[in-house]
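>>> The following block contains a protein sequence and its predicted model.
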Amino acid sequence: MYKRLFFAGLLALLSLAGCVQVHAQLFATMQETPVRWTSAISMTSRTQGTVTVKAAITPGWHLYGLEMPEDGPRATEINLTGSTGVEFTGELTPSREPVSKTDAMFGAELTWWDADVTFTRTFTVTNPDNARIAGSVTFMACDDITCRPPSTINFTLNIPKK
(Lines give C-alpha, C1' and ligand atoms only; values in the text may rest on other atoms or scores of the structure.)
Protein backbone atom coordinates (compact mmCIF):
# COMPACT_ATOMS: atom_id res chain seq x y z
CA MET A 1 0.00 0.00 0.00
CA TYR A 2 2.81 2.41 0.84
CA LYS A 3 4.39 1.70 -2.55
CA ARG A 4 1.16 2.69 -4.30
CA LEU A 5 0.87 5.91 -2.29
CA PHE A 6 4.53 6.69 -2.96
CA PHE A 7 4.20 6.16 -6.72
CA ALA A 8 0.89 8.08 -6.88
CA GLY A 9 2.52 11.01 -5.05
CA LEU A 10 5.59 10.84 -7.29
CA LEU A 11 3.41 10.80 -10.41
CA ALA A 12 1.42 13.81 -9.18
CA LEU A 13 4.64 15.70 -8.41
CA LEU A 14 6.09 14.93 -11.85
CA SER A 15 2.86 16.06 -13.53
CA LEU A 16 2.92 19.32 -11.60
CA ALA A 17 6.59 19.88 -12.49
CA GLY A 18 5.76 19.33 -16.18
CA CYS A 19 2.96 21.92 -16.04
CA VAL A 20 5.23 24.45 -14.34
CA GLN A 21 7.93 23.85 -16.95
CA VAL A 22 5.49 24.29 -19.86
CA HIS A 23 4.09 27.47 -18.29
CA ALA A 24 7.62 28.82 -17.73
CA GLN A 25 8.55 28.08 -21.35
CA LEU A 26 5.44 29.85 -22.67
CA PHE A 27 6.09 32.83 -20.38
CA ALA A 28 9.75 33.00 -21.50
CA THR A 29 8.70 32.86 -25.17
CA MET A 30 6.24 35.73 -24.67
CA GLN A 31 8.91 37.76 -22.90
CA GLU A 32 11.49 37.18 -25.66
CA THR A 33 9.34 38.75 -28.38
CA PRO A 34 7.28 41.59 -26.89
CA VAL A 35 6.95 43.20 -30.35
CA ARG A 36 6.20 41.23 -33.52
CA TRP A 37 6.59 42.84 -36.92
CA THR A 38 4.80 42.27 -40.23
CA SER A 39 5.12 44.13 -43.52
CA ALA A 40 3.01 44.32 -46.66
CA ILE A 41 2.52 46.24 -49.91
CA SER A 42 -0.78 47.58 -51.21
CA MET A 43 -0.89 48.84 -54.81
CA THR A 44 -3.43 51.53 -55.65
CA SER A 45 -2.50 51.47 -59.35
CA ARG A 46 0.16 49.88 -61.57
CA THR A 47 2.74 52.42 -60.39
CA GLN A 48 1.45 53.74 -57.05
CA GLY A 49 1.49 51.90 -53.76
CA THR A 50 1.90 51.94 -50.00
CA VAL A 51 4.25 49.91 -47.85
CA THR A 52 2.91 49.03 -44.40
CA VAL A 53 4.98 47.94 -41.42
CA LYS A 54 2.97 46.83 -38.38
CA ALA A 55 4.12 46.39 -34.80
CA ALA A 56 2.01 44.00 -32.71
CA ILE A 57 2.87 44.92 -29.12
CA THR A 58 2.37 42.47 -26.24
CA PRO A 59 0.14 43.99 -23.49
CA GLY A 60 2.24 45.55 -20.73
CA TRP A 61 5.09 46.43 -23.11
CA HIS A 62 5.79 49.57 -25.08
CA LEU A 63 7.69 50.42 -28.26
CA TYR A 64 9.64 53.66 -28.15
CA GLY A 65 8.84 56.55 -30.50
CA LEU A 66 10.61 57.63 -33.67
CA GLU A 67 12.68 60.29 -31.87
CA MET A 68 14.48 59.89 -28.53
CA PRO A 69 16.89 62.04 -26.53
CA GLU A 70 20.56 61.16 -27.01
CA ASP A 71 20.89 59.60 -23.55
CA GLY A 72 17.53 57.82 -23.76
CA PRO A 73 16.42 54.45 -25.13
CA ARG A 74 16.83 53.45 -28.77
CA ALA A 75 14.27 55.16 -31.00
CA THR A 76 12.24 53.04 -33.40
CA GLU A 77 13.76 53.38 -36.87
CA ILE A 78 12.24 52.09 -40.10
CA ASN A 79 14.88 52.22 -42.81
CA LEU A 80 13.81 51.60 -46.42
CA THR A 81 17.07 52.54 -48.17
CA GLY A 82 17.59 48.99 -49.50
CA SER A 83 14.60 49.43 -51.82
CA THR A 84 15.11 49.43 -55.60
CA GLY A 85 12.96 50.48 -58.55
CA VAL A 86 10.79 52.75 -56.39
CA GLU A 87 10.75 56.37 -55.28
CA PHE A 88 9.15 57.22 -51.95
CA THR A 89 6.59 60.00 -52.30
CA GLY A 90 5.47 60.42 -48.71
CA GLU A 91 6.84 60.48 -45.20
CA LEU A 92 6.69 57.53 -42.83
CA THR A 93 3.38 57.96 -41.00
CA PRO A 94 2.24 56.10 -37.85
CA SER A 95 -1.43 55.10 -37.57
CA ARG A 96 -1.72 56.99 -34.30
CA GLU A 97 0.28 59.40 -32.18
CA PRO A 98 2.54 57.91 -29.50
CA VAL A 99 1.87 58.36 -25.78
CA SER A 100 4.09 60.99 -24.12
CA LYS A 101 5.04 60.28 -20.48
CA THR A 102 7.88 60.55 -18.03
CA ASP A 103 9.76 57.25 -18.09
CA ALA A 104 11.04 56.39 -14.60
CA MET A 105 13.78 54.08 -15.95
CA PHE A 106 15.32 56.84 -18.08
CA GLY A 107 14.20 59.82 -16.00
CA ALA A 108 12.98 61.73 -19.03
CA GLU A 109 9.85 62.65 -20.96
CA LEU A 110 9.62 60.01 -23.72
CA THR A 111 7.17 58.88 -26.38
CA TRP A 112 6.03 55.33 -27.03
CA TRP A 113 3.25 53.14 -28.32
CA ASP A 114 1.69 50.78 -25.77
CA ALA A 115 -0.59 49.00 -28.25
CA ASP A 116 -0.36 47.93 -31.89
CA VAL A 117 0.71 50.60 -34.36
CA THR A 118 1.04 50.60 -38.16
CA PHE A 119 3.52 52.70 -40.13
CA THR A 120 2.85 53.53 -43.80
CA ARG A 121 4.78 55.19 -46.60
CA THR A 122 3.66 55.82 -50.18
CA PHE A 123 5.82 55.14 -53.22
CA THR A 124 5.90 55.23 -57.01
CA VAL A 125 7.34 52.40 -59.09
CA THR A 126 10.13 53.80 -61.27
CA ASN A 127 11.49 50.53 -62.67
CA PRO A 128 9.06 47.60 -62.62
CA ASP A 129 11.76 45.09 -63.61
CA ASN A 130 13.61 45.35 -60.29
CA ALA A 131 11.04 46.98 -58.02
CA ARG A 132 11.11 45.80 -54.41
CA ILE A 133 10.91 47.25 -50.94
CA ALA A 134 13.79 46.19 -48.73
CA GLY A 135 14.35 47.58 -45.31
CA SER A 136 14.87 47.08 -41.64
CA VAL A 137 13.23 47.99 -38.36
CA THR A 138 15.44 48.75 -35.38
CA PHE A 139 13.56 49.05 -32.11
CA MET A 140 13.65 48.73 -28.34
CA ALA A 141 10.79 47.57 -26.12
CA CYS A 142 10.34 47.90 -22.37
CA ASP A 143 7.79 47.08 -19.71
CA ASP A 144 7.59 48.57 -16.19
CA ILE A 145 10.47 46.40 -14.98
CA THR A 146 12.92 45.71 -17.78
CA CYS A 147 13.96 46.55 -21.31
CA ARG A 148 14.95 44.28 -24.15
CA PRO A 149 18.17 45.21 -25.93
CA PRO A 150 17.69 46.95 -29.27
CA SER A 151 16.85 44.52 -32.09
CA THR A 152 16.86 44.79 -35.87
CA ILE A 153 14.44 42.94 -38.15
CA ASN A 154 15.10 42.88 -41.92
CA PHE A 155 12.42 42.43 -44.58
CA THR A 156 12.07 42.34 -48.38
CA LEU A 157 8.82 42.71 -50.31
CA ASN A 158 8.43 42.24 -54.05
CA ILE A 159 6.22 44.76 -55.81
CA PRO A 160 3.22 42.91 -57.28
CA LYS A 161 2.94 43.22 -61.05
CA LYS A 162 -0.53 43.95 -62.37
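Happy to help now that I have it. Remember, it's a predicted structure, so these values are computed and weren't measured experimentally.

>>> Spatially nearest residue to Glu77, not counting backbone neighbours?
Distances taken as Cβ to Cβ, 6 or more residues apart in numbering place Thr138 nearest to Glu77, at 4.6 Å, with adjacent residues excluded. Yep, even glycine has a C-beta here, placed from its N, CA and C like the rest.

>>> quick check, that neighbour in a strand?
Yes - counting by DSSP: H, G, I helix; E, B strand; the rest coil, one finds Thr138 located in a strand.

>>> could you measure it against Thr111, distance?
To Thr111, Thr138 is 16 Å away according to Cβ to Cβ, to the nearest Å.

>>> out of these two, which sits in the more crowded spot?
The neighbour count for Thr138 versus Thr111, taken as other Cβ atoms under 10 Å, is higher for Thr111 (20 against 14).

>>> out of everything not next to it in sequence, what's closest to that one?
Per Cβ to Cβ, 6+ apart, closest to Thr111 is Gly65, 3.3 Å.

>>> And the one you found, what's its pLDDT?
For Gly65, the pLDDT comes out at 97.

>>> Please tell me I have it right and the residue nearest to Glu77 contacts Asn79.
Yes - taking Cβ atoms under 8 Å as the definition, Thr138 is a contact partner of Asn79 at 7.3 Å.

>>> Thr38: neighbour count?
12.

>>> quick revisit: tell me how far the residue nearest to Glu77 lies from Gly85.
24 Å.

>>> need the helix or strand of this structure with the lowest average pLDDT.
helix 2-32 (a mean of 46; mean pLDDT, DSSP states H and E).

>>> so who does Asp116 touch?
Applying Cβ atoms under 8 Å, 6 or more residues apart in numbering to Asp116 gives the contacts Lys54, Ala55, Ala56, Ile57.

>>> Could you list everything the first one pairs with in the sheet?
Beta bridges link Lys54 to Thr38, Thr118, judged by DSSP bridges.
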